[in-house]
Structures are given as structure tokens and as C-alpha cells.
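Participant: I'd like to go over a predicted model; first the sequence, then the structure.
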Amino acid sequence: MRKVEMMEERNRDTAAVPVTGSPEGPGKENMPDAELLWRNIFAVADAMKAMHADSRRVSVFYQITLSQLKMVNTVFRLTRATGAGVALKVVAKDLGTTAAAASEMVDVLVRKNILARNQDPSDRRQVQIRLVPELQKHFCGIEAQFTELTAGYVSTLAPDRRQAVGAGIAGFLEFVRDRAREKGQKDK
């Protein structure tokens, strides 16, 4: 069985497993629905990743750490629209790290031919960070495929259902980000 098929089968098997045991405390009556929601979100992400299993086999990401992957994702997100570079201080701030730490990580990723540093044409003292063109093109292609796939699903929904699904996912994301910020404040 191919890796993609195995991953899809695993997703089907784990997507709808309900929580067991008796709920206790406020909000605990929603535990089965809550677990089903997060399992399905993870299953969707796994299924979408499985669509690119072949390209990942040759991917540079087998050669970088999780922190470096976060840096690559951040640079891509900040430069997605134009492919032009972004200032190191902007990347560092977005990652919540110092410019010096970000610079060291960028140096490693430049040596691995994942990121590139270029002088800002409008201010030669500034350095712009970007993905190498091949990776920028690859990531944009993956996003385009995911957008097309999602558009196919959205087209099957009635307009009111589209709005409800979009609002539900956006609301859940905001809720999770708020909790992550709260946890970050408590950990300091």
C-alpha cells in the first residue's frame, strides 16, 4: 500500500473517535464534540499533507529543525504576495526572537540554499530575507492546489452554510490563538 493511501486510511480510522469516560466540570458535556472537532481538523491537515507526500520525499525539510521550519514558514507568509524580501527585524519580531538569533538561523538556511539575503534596493544598509525562487514557486503552487481543493468543497455548500463553516473555523482559530497568548503570558 502506498504511503498516501496508508495515511488516508489512518485518517479515516482516527477522525471520528469519540472521547470516553464521564465528563466533569463546566463545559465538559461538550468533550465528545470537542474531541471530534480537533481530530477532524488534524485529519484534514494530514490528508492535505498526504497529497504532497511524493514532493516531500525530496524536500529540504528533512534537513532542518522545527525552529528553522518555523522561520521558513514565517518568511514565506510575510513574502507570499510578492516574493520580495522582508527585513530581518520584521521576521525576528514575528517569531518573537531577537534579531541576532534570527540572523544566525537565516545564515544556516542561506547555507542550505533555502533562504536568500539581498540588499534592499531602496536602502543599501537594509538586508531583505526571502525564500529562494524555487521554494517560493513550490510553496505558492501547493497553496494554489489547496485553494482549488477547498474551492471544490465550498462549491458544494449552500451560501449560508459556507458562511457558517468559515465563521466557525475562524472563530475556533481565534479562540486557540487567544489561549496560546494567555499561556505565553503565564509562562513568562
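Facilitator: Perfect, thanks for sending it.
Participant: surely Thr79 is in contact with Arg130?
Facilitator: Yes - between Thr79 and Arg130 there is a contact at 5.2 Å, judged by C-beta atoms under 8 Å. Heads up, the C-betas are built off the backbone N, CA and C, glycines and all.
Participant: intersection of neighbour lists for the two?
Facilitator: 85-86, 136 (C-beta atoms under 8 Å, 6 or more residues apart in numbering).
Participant: just checking, next helix/strand downstream of the helix or strand bottoming out on mean pLDDT in the chain?
Facilitator: Scoring the helices and strands of the chain by mean pLDDT, DSSP states H and E places helix 3-15 at the bottom, with a mean of 48. Proceeding N to C from helix 3-15, the next assigned helix or strand is helix 31-50, under DSSP states H and E.
Participant: as a check, name the ranges of all strands in this protein.
Facilitator: Here the chain has its strands, by DSSP state E, at 86-87, 115-120, 123-131.
Participant: what confidence value was assigned to Thr150?
Facilitator: For Thr150, the pLDDT comes out at 89.
Participant: mind checking how far it is from Ile114?
Facilitator: As judged by C-beta to C-beta, to the nearest Å, Thr150 and Ile114 stand 27 Å apart.
Participant: neighbour count winner among the two?
Facilitator: Comparing Thr150 with Ile114 by other C-beta atoms under 10 Å, the one with more neighbours is Ile114, at 22 against 12.
Participant: I'd guessed the more buried one sits against Glu134; true?
Facilitator: No - Ile114 lies out of contact with Glu134 (C-beta under 8 Å); the separation is 9.8 Å.
Participant: could you list the domains of this protein?
Facilitator: 1-58, 60-132 (automatic domain parsing).
Participant: ok, and what's touching stretch 163-174?
Facilitator: 37, 154, 157.
Participant: what's the closest non-adjacent residue to the first one?
Facilitator: When you say that, I think you mean Leu37. Closest residue to Leu37 apart from its sequence neighbours, by C-beta to C-beta, 6 or more residues apart in numbering: Phe172 at 7.4 Å.
Participant: for the second one, same thing?
Facilitator: Closest residue to Val154 apart from its sequence neighbours, by C-beta to C-beta, 6+ apart: Arg162 at 5.6 Å.
Participant: relative to Thr156, how far out is that neighbour?
Facilitator: For Arg162, the distance to Thr156 - C-beta to C-beta - is 10 Å.
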